[in-house]
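next one to model:
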Amino acid sequence: MTVFSLPARLAQQYISIPDPVERLDALRHAQLDVKAAIRFQFDSFADKFGIQTREVDRAMDSIDDTICDLIYEIESDLQGEIIDIHDADR
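Numbers count the residues shown, from 1 in each chain. You can find the predicted model right below:
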């Protein structure tokens, strides 16, 4: 069984960034990192057991939806903070 420490490490980096634009950017980069790590594991699994690439692609579509659901509230809050800052600067 493989254990990933990626989310905790990225969460710590995310929390330490005060600017909402930078936090949103960090969140989106972390999202890509997590998807890449999962894809790597799926590809390894598929190679080992002869699973077709289209099946891995289909599973990754589901993973992408799940990750988007997972970060939706945080992403929306950050976008709101960015809008508030922009409006306050006017």
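
wait, doesn't Ile71 sit right on Ala26?
No - using CB atoms under 8 Å, Ile71 is not in contact with Ala26; the gap is 11.3 Å. C-beta: built from backbone N, CA, C; applies to glycine.

quick one, which of the two is more surrounded?
When Ile71 and Ala26 are compared for neighbours, Ala26 comes out ahead with 19 against 16, by other CB atoms under 10 Å.

look up how far Asp87 lies from the more buried one.
Counting by CB to CB, to the nearest Å, the gap between Ala26 and Asp87 amounts to 23 Å.

what mean pLDDT does stretch 26-35 have?
Rounded to a whole number, the mean pLDDT of stretch 26-35 is 97.

got the buried residues for that stretch?
Of the residues in stretch 26-35, those with enough neighbours to count as buried (16 or more other CB atoms under 10 Å) are Ala26, Leu27, Ala30, Gln31, Val34.

can you get me the centre-to-centre distance for whichever helix in the chain runs longest and its chain?
Ranked by residue count and defined by DSSP state H, the top helix of the chain is helix 53-88. When C-alpha coordinates are averaged (CA atoms, centre = their mean, to the nearest Å), helix 53-88 and its chain have centres 7 Å apart.

name the helices or strands packed onto that helix?
Contact partners of helix 53-88 among helices and strands, from 3 or more CB pairs under 8 Å, 6 or more residues apart in numbering; DSSP states H and E: helix 20-49.

so the helix it packs on versus helix 53-88, what angle?
Compare the direction of helix 20-49 with that of helix 53-88 by axes from the mean of the first three to the mean of the last three CA atoms, to 10 degrees and you get 180 degrees.
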